[in-house]
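Participant: Could you work out the structure for the sequence below:
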Amino acid sequence: MGKKGRTQAAKPAPKGKRKKAKRKVDTAADFEPGTLVNFRDHTPVEKKIKRTLREEMSFRQKQREDVERKKREEEEREAQDIAAIPESDPEDEVESAYSTLTSLLGCQQGKPEEDSDPDSEGESDGADDNGSNVVREIPASSDEGEDGEEDEEGEDEDEDEGEGEGDGEGELEREDDGSEGHVTALGFVERLKKGECIDDARILRQRDSVDMRRYDAHFQSLMDADDMEELKLAGQLAGSTSVGDQELEALVDDYMIQRVEAPLPDMSVPKLTAAAGKDAPPTMRERLHPRIACAESYSPFEETLFDQLDTYSDLMFTAWSFSNRKEIERAYMQHALNHVLKSKAYVLRHNDLLEHVSKLPDAADLPELEFRDQGYTRPRALILVPYRNNALRLVKLMEALLVNRSRDKAEQLKHKQKFTREFSEEDPEFPHPNPEHRQFFEGNIDDCFCLGITISKFAVGLYSDLYASDLIIASPLGLRRIIGAEGDASRDFDFLSSIDLTILDQADVFHMQNFLHVSHVFNHLNLSPEKPRDADISRIRHACIEGIASHLRQTIIFTATGTPQQHALFSRACTNVSGKALVTRPTLGTIQQVAHKISQVFHRLPCESHSEASDVRFEHFMQHIKPLLSSNLRSHVLVFIPSYFDFVRVRNALKKDEVKFAQICEYTKNTNVSRARSYFFHGQRRFMLYTERYHYHQRPTLRNIKHIVFYQLPQYPQFYSELLNLIPDASDATCTALFTKYDAESLCRVVGASRGAKMLVSEKDTYMFV
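Facilitator: Next comes the predicted model:
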């Protein structure tokens, strides 16, 4: 064999040059702190690890010593404090218990308060330390029950500290002062023994005192178990009454209002009247909780709006705009915070009374106090907004209304940096040319979020657990994902069981997302919890137990454009026993903003019910409009379809008939959008199907439009004139619009209120404007 065919045997390495096998080196993670390790004959790397481990063990030992030292110091201080306390005399303890209870009942020690007017509602206004008017009197007897909302005091124990306590100085007045408005501690106890006048405990603490008459009229008037049948009947009557059938009344400026009064007279919230000792009705400052900062002055619109919200009746406001947005947000945010703080003040006040009455020497002989002031869960108010930038504005507004400037802001608004980072967004480098589009989509436009907010004594906590929150700000989609669907394993909606106040801001934008999410949320409001929660069953309101708490819930809807879906929700889901109201603002119509003289034809389609409207519109389109689109008579026709479901129905029908057309909807990819616009511009496709939701989100400038067909009038009236003004040559341009009687609001927003009213009742079915 040659050299190439031979197998070369591996030569052994010289003895001095043999490679030593690498020994596995343990890392610091392989050694547990406190274990004995033999580091003899270790490599330099292992010696370094040894030093690191020693330093780590020394640091941990030092930490343990510091904790033990602090614990010993605290125990020593507590022992010294206990030793310094003198032994109390039993008579002094009794005196202290009566003194504390007298202070809680609002009586001044050493002299009784002034008598109140027997004909008044048992309330009078004074001035607190901040100069705000407060309620000082206690109703001596009342048929009303107690109300409020559950406040899980385990979460906010700091609110009870230092509140509701008197000065504790002066001689204790042990006798009933004989007035109709006040009782001292002894008189209160004597009435408790007789089973009388337990409602005296409803007086608020001095720092929480505020005019509560409207709150009481809505939440306190029917709280007894015997009144639940009457409350249920009133809720059924409220759900069957339509607000659109009422007469129009002037509200403020050019706003008009239609009211539906309470089904039963004794459930209506009273109008503002002067309290005892006052010459004028309470001002806005006197009706707001002292913790809420007030402006020096309010516009007539904002003050009138707050007054309407303060009646606790349902409200649908269909005149929202960017010009009045700030006033609307400030009005309903003040109302929401006012309601939360009032209900919390009731619960905390009742907790104080229960605690101090139990310390009286004859507490065992007193009848048990019953306060129905809570629900199954803690959240009281729910605000639905479309985007994160809306939530950012509301939290900033809440910070301005609640934060005490004398304290550190970082301590008062917890998790502010995280919130700002997640809910704010820098403006784009190249903003959209349309100014209205920039207003709609400024900031962060994410539509999936849910934010729990806890309001405590000195702070506002963001990102709190939903069951520990007082206020929830969420988008319909974010709340829908938490609620889930039937059959989901991780669904949860018990935190919505005790909502007293629901606000929908910019409800018109919810149609551009998915209005079914809003309906899904309302279907899960004020339901009995599926799981037992940490609630005191003896303090849960009878309305919650009977499953009719929705009859006390106030629903407020702010929208720029009213729709049949919103009105259906307002009629079906809003069964408030305090009545409801609809605020509108007549318009001249956007048809006057059309720059060119274009032949505009409106066809009224006969329709018997709202469910038939879609079928009637589709049949008319296929029989009368499709033949024109398929022929050679017209080209460059834009077919505007607001509903995506109608878009899919028309698209499938045209494809079935093998008609060539272009299409753009909110789900079309950008490449297909560019292709469709190119086909339409060059005339390769005679007409194009186009949805309103795509136009709302993108606002493109479509070119070479010659004819427009409105399959249904747009929800936003400005889109009508905006698309017509895109027509370059108006000499032979045409516009065709279809509508039914259920499109009344959309029609009035386009052609004007007076013209629209005539077109809906006239014998003619076709109308032309030039």
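Participant: Quick check: end-to-end length of stretch 295-302?
Facilitator: Counting by C-alpha to C-alpha, to the nearest Å, you get 11 Å between the two ends of stretch 295-302.
Participant: Check stretch 528-536 too.
Facilitator: 15 Å.
Participant: How about stretch 449-469?
Facilitator: Span of stretch 449-469 from end to end, C-alpha to C-alpha: 15 Å.
Participant: buried residues in it?
Facilitator: For stretch 449-469, the neighbour count (16 or more other C-beta atoms under 10 Å) marks 449-457, 459-462, 464, 466-469 as buried. Every C-beta, even on glycine, is put in place using the N, C-alpha and C of the backbone.
Participant: low pLDDT regions in the stretch 501-650 of the chain?
Facilitator: Within the stretch 501-650 of the chain, no range satisfies pLDDT under 70.
Participant: Please, where are all the strands along it?
Facilitator: Under the criterion DSSP state E, counting those that start in this stretch, the stretch 501-650 of the chain contains strands at 501-504, 554-558, 580-584, 599-604, 637-641.
Participant: Now do the buried residues in the longest one.
Facilitator: Spelled out, that is strand 599-604. So, applying 16+ other C-beta under 10 Å, buried residues of strand 599-604: Gln600, Phe602, His603, Arg604.
Participant: can you check stretch 677-695 too?
Facilitator: So, applying 16+ other C-beta under 10 Å, buried residues of stretch 677-695: 677, 679-681, 685-695.
Participant: Can you tell me which of these is nearest Ala573?
Facilitator: Arg693 (24.2 Å; C-beta to C-beta).
Participant: where's the closest one, which helix or strand?
Facilitator: Assigned by DSSP states H and E, Arg693 falls within helix 692-698.
Participant: CA atoms of that helix as PDB?
Facilitator: Taking Å, rounded to 0.1, in the frame of the first residue of the first chain, the C-alpha atoms of helix 692-698 are listed here in PDB:
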ATOM      1  CA  GLU A 692     -68.100  55.900   6.600                       C
ATOM      2  CA  ARG A 693     -65.800  54.300   9.200                       C
ATOM      3  CA  TYR A 694     -62.900  54.400   6.800                       C
ATOM      4  CA  HIS A 695     -63.600  58.000   6.000                       C
ATOM      5  CA  TYR A 696     -63.800  58.800   9.700                       C
ATOM      6  CA  HIS A 697     -60.400  57.200  10.500                       C
ATOM      7  CA  GLN A 698     -58.500  58.300   7.300                       C
END
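Participant: got any ranges where the chain has weak pLDDT?
Facilitator: Using pLDDT under 70, the chain drops low at 1-43, 45, 81-209, 220-223, 265-268, 270, 273-279, 363, 404-411, 429.
Participant: The same query, at a cut-off of 50, please.
Facilitator: Along the chain, the model assigns pLDDT under 50 to residues 1, 3-5, 7, 17, 19-37, 39, 107-183, 197-203, 410.
Participant: Specify the local secondary structure of the most centrally placed residue in it.
Facilitator: Note on the chain: the residue nearest the mean C-alpha position is Ile383, at 1.1 Å, using C-alpha atoms, centre = their mean. At Ile383 the chain is in strand, as set by DSSP: H, G, I helix; E, B strand; the rest coil.
Participant: Please report how far it lies from Thr561.
Facilitator: As for Ile383, its distance to Thr561 is 20 Å (criterion: C-beta to C-beta, to the nearest Å).
Participant: same question, Tyr215
Facilitator: For Tyr215 relative to Thr561 (C-beta to C-beta), the value is 32 Å.
Participant: For those two, work out which one has more neighbours and name it.
Facilitator: When Tyr215 and Thr561 are compared for neighbours, Tyr215 comes out ahead with 22 against 19, by other C-beta atoms under 10 Å.
Participant: Report whether the expected contact of the more buried one with His339 is present.
Facilitator: Yes - using C-beta atoms under 8 Å, Tyr215 makes contact with His339 at a distance of 7.4 Å.
Participant: For Cys748, give its distance to Glu355.
Facilitator: 59 Å.
Participant: What of His437?
Facilitator: Applying C-beta to C-beta, the value for His437 to Glu355 is 57 Å.
Participant: okay, the two: which has more neighbours?
Facilitator: Neighbour tally, His437 and Glu355, criterion other C-beta under 10 Å: the higher count belongs to His437, 16 against 13.
Participant: shouldn't that one be in contact with Pro700?
Facilitator: No - look at His437 against Pro700 with C-beta under 8 Å: they stay out of range, at 10.3 Å.
Participant: show me where the stretch 251-400 of the chain has strands.
Facilitator: Using DSSP E, counting those that start in this stretch, strands in the stretch 251-400 of the chain cover 256-260, 314-317, 381-384.
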